[in-house]
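> structure here, sequence nowhere to be found:
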């Protein structure tokens with residue numbers, strides 16, 4: 001009986017650790033969005049470099065902010081402002097792979113920050129925004145499982 005209980009705990013631990021995988025587009029220091037402020041995309045509608053002195057960590061990534069006010073907004077609801085798909089190119093994820101991003105090639109869709117590889121890729125994604133977003137949402141879990149840590 002003790003053996004079964006121990007085996008159950010071990011299997012639960014393996015399952016839990018597998019489900020806790022993450023896949024993030026960060027640099028070697030853990031910096032996300034190439035140092036751009038995630039909140040600024042929503043409030044200013046523009047890619048804005050963050051201040052290295054104003055940071056927050058969420059989900060294993062470090063985010064920079066242009067102001068203390070933006071950091072406070074992020075701290076209140078980080079999941080709302082963090083980029084989707086670990087900060088990887090949404091178009092690439094919709095196609096089943098990951099790619100880097102250009103912080104200026106962004107869009108807010110249904111309250112979600114999507115980053116793209118380039119302005120041209122953003123244009124392609126926008127030809128069927130909802131369809132591509134649906135594909136990206138479907139592909140993301142398997143990409144995390146395959147490439148995540």
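In hand now; what should we look at? No experiment lies behind these values; they were computed from the predicted model shown.
> what's the burial count for the residue nearest to residue 68 when sequence neighbours are not counted?
Spatial nearest neighbour of residue 68, excluding adjacent residues (Cβ to Cβ, 6 or more residues apart in numbering): residue 54 at 6.0 Å. Quick note: C-beta positions are derived from backbone N, CA and C, even for glycine. Residue 54 has 18 neighbours, counted by other Cβ atoms under 10 Å.
> in three-state terms, label residue 54 for me.
With DSSP: H, G, I helix; E, B strand; the rest coil as the basis, residue 54 sits in strand.
> does it touch residue 64 like I think?
Yes: shown here, residue 54 and residue 64 form a contact pair, counting by Cβ atoms under 8 Å, at 6.5 Å.
> could you point out which residue ranges in this protein have low pLDDT?
Low-confidence segments of the chain, defined by pLDDT under 70: 1-19.
> quick one: the strands in it?
Under the criterion DSSP state E, the chain contains strands at 51-58, 61-65, 102-109, 112-116.
> okay, those in a markdown table with distance to residue 95 next?
Output for the strands of the chain, formatted as a markdown table (distance: least, Cβ to Cβ, whole Å):
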| stretch | distance to residue 95 |
| --- | --- |
| strand 51-58 | 26 |
| strand 61-65 | 23 |
| strand 102-109 | 16 |
| strand 112-116 | 12 |
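> before we move on, back to that, contacting residues for the residue nearest to residue 68?
Shown in contact with residue 54 (Cβ atoms under 8 Å, 6 or more residues apart in numbering): 64, 65, 66, 67, 68, 70, 71.
> any idea how far residue 73 is from it?
According to Cβ to Cβ, to the nearest Å, residue 54 stands 12 Å off from residue 73.
> swap in residue 98?
Separation of residue 98 from residue 73 (Cβ to Cβ): 28 Å.
> residue contacts, the closest residue to residue 132 other than its chain neighbours?
Closest residue to residue 132 apart from its sequence neighbours, by Cβ to Cβ, 6+ apart: residue 94 at 4.3 Å. Applying Cβ under 8 Å, 6+ apart, we find residue 94 in contact with 125, 132, 133, 135, 136, 139.
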